[in-house]
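[1] okay, predicted coordinates and the sequence, questions at the end:
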Amino acid sequence: MTGASTFKTLLIWLGFAVLLIVLPMVFASRTSLTLMNIIGVWVVFALAYNMLLGQSGMLSFGHAVYFGLGGYAAIHMMAAIKSQRLGIPVAALPVVGFMAGMAAGAVIGWFSCRRSGTPFAMISLGVGELIAASGLMFVSIFGGEEGVSGDRSAGPEWFGFSLGPQINVYYFIAFWVFAATLAMWAFTKTPLGRLANAVRDNPDRVAFIGYDPQRVRYLVFLISGGFAGLAGSLSAVNFEIITPEKLGALNSGAVLLMAYIGGAAVFFGPIIGAVLISLMQSMLSDFTKVWQLYLGLLFVVVVMFAPYGIGGIVAQVLNAVRKGELAEKLPGWLMGALGAIVAFGGAIMAIEMAYRVREGGRPFTAFGSAFPHTALSSWAIAAGLIALGLAIVVVAVRWRRRGSLGAALRLKEVAP
């Protein structure tokens, strides 16, 4: 990297560190600290998952296995620290989780990485369901439905740092989030990280130049499993309990949504997805009982209109700024965003009224106005908003295409 690029990179990481330090000073309530701890855990897990999906092209439906096993290793070590009076500080448990996740990845990846594409995805789904079911059968290890609990305040303390207060738990998780994020970003710059991208794009060419795509996939799988286990250990320390549901498909599906909606094509995309979906899970559920339907609708919209995710949109805007094309492209983007918001508002209105048709309750209220689900006019307004929003999006897309065609024609006219 050039000197300017290196300075910009250092500035970004410094800003990230400062943000992690300052956040609890701005959002100081216990609820905010709990939410930020949850977001930190999901950020590490989503980035670990994206090492497979975005960087190596490996779609996994069972990556929660490594998250859960890392969490179980940490919680059992936490219990042993208290009962056996081991001289290991609880603050070092993420290392235990990382090693457990990597060990599980070494065993499972040995046979699952022999295949790629759809066979790999099906193997990951089967293994994930198998281990999730084992969590309810082997009670001595997984604790059954009640799970296994621990005490994070037990054991020796490093430099008087105790994990009892919630603010200390936040800074503990923030430290490991920063360290894990930096390590995973550094991995993308290594030869193995570049080979993972090459295997994703063209495994036959990688084999032709003398590298084994299966070995590359296996090594990336090991590292991804390790960081997923680290995220699981952070969850164990935060909640002081791990249950078999952490091994199941619900967690695997959630992290897939985070990576894809955030943007698997860019490194920071899963961070955006983890923050957005964590906020939806924690806050949107207070306003509506059908919030999961909105999550599914968001996923469909991203797949159809933004295949590179929200992070891809951000990267596109930054690229336009760097090239000096923002003024040309911004009107079309803003028009498209306006249309999407209008259509999404109409969809929300229709969904909420449809829910009230079955469940009853008070009329849907927006901007101080009530829209009874029994009134035909309410449904007409919802349909009109959806149609208007989609029409604005179509106009924005055509405007953008016309602008691109016009630029190409102008270039052709001035070409010799």
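    In hand now; what should we look at? Because the structure is a prediction, the values reported are computed rather than measured. Numbers count the residues shown, from 1 in each chain.
[2] please count neighbours and contacts with C-alpha atoms only from this point.
    Will do.
[3] how about low-confidence regions in this protein?
    Counting by pLDDT under 70, the chain shows low-confidence ranges at 1-3, 159-160, 360-361, 400-416.
[4] domain parsing for it?
    14-288, 325-414 (automatic domain parsing).
[5] deepest of those domains, which one?
    Among these, domain 14-288 has the highest mean neighbour count (mean count of other CA atoms under 10 Å), at a mean of 20.
[6] before we move on, the earlier item: with distance to Leu295 as added columns, please give the domains of the chain in JSON lines.
    Formatted as JSON lines, these follow (distance: least, CA to CA, whole Å):
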{"stretch": "domain 14-288", "distance to Leu295": "8"}
{"stretch": "domain 325-414", "distance to Leu295": "12"}
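[7] so who does the nearest residue to Ala207 once chain neighbours are set aside touch?
    Nearest residue to Ala207, sequence neighbours excluded (CA to CA, 6 or more residues apart in numbering): Pro213, at 6.3 Å. Residues near Pro213 by CA atoms under 8 Å, 6 or more residues apart in numbering: Val199, Pro203, Val206, Ala207.
[8] same question, Leu136
    Here Leu136 is in contact with Phe142, Gly143, Gly144, Glu145, Pro244 (CA under 8 Å, 6+ apart).
[9] just Phe268 next, same as before
    Counting by CA under 8 Å, 6+ apart, Phe268 has contacts Gly262, Gly311.
[10] from Phe305, how far off is it?
    Separation of Phe268 from Phe305 (CA to CA, to the nearest Å): 20 Å.
[11] just Gly262 next, same as before
    The gap separating Gly262 from Phe305 is 13 Å, by CA to CA.
[12] what sits in contact with each of those two?
    Listed as contacting both Gly262 and Phe305 by CA under 8 Å, 6+ apart is no residue at all.
[13] the stretch 151-300 of the chain: helices as residue ranges?
    Under the criterion DSSP state H, counting those that start in this stretch, the stretch 151-300 of the chain contains helices at 166-188, 191-201, 203-208, 213-239, 249-262, 269-283, 291-305.
[14] the ones you listed: which one's closest to Leu318?
    helix 269-283 (13.7 Å; CA to CA).
[15] between that closest one and helix 291-305, what angle do the directions make?
    150 degrees (axes from the mean of the first three to the mean of the last three CA atoms, to 10 degrees).
[16] residues in contact with helix 269-283?
    35, 38-39, 42-43, 46-47, 50, 255, 257-264, 291, 295, 309-312.
[17] no further queries at this time; thank you.
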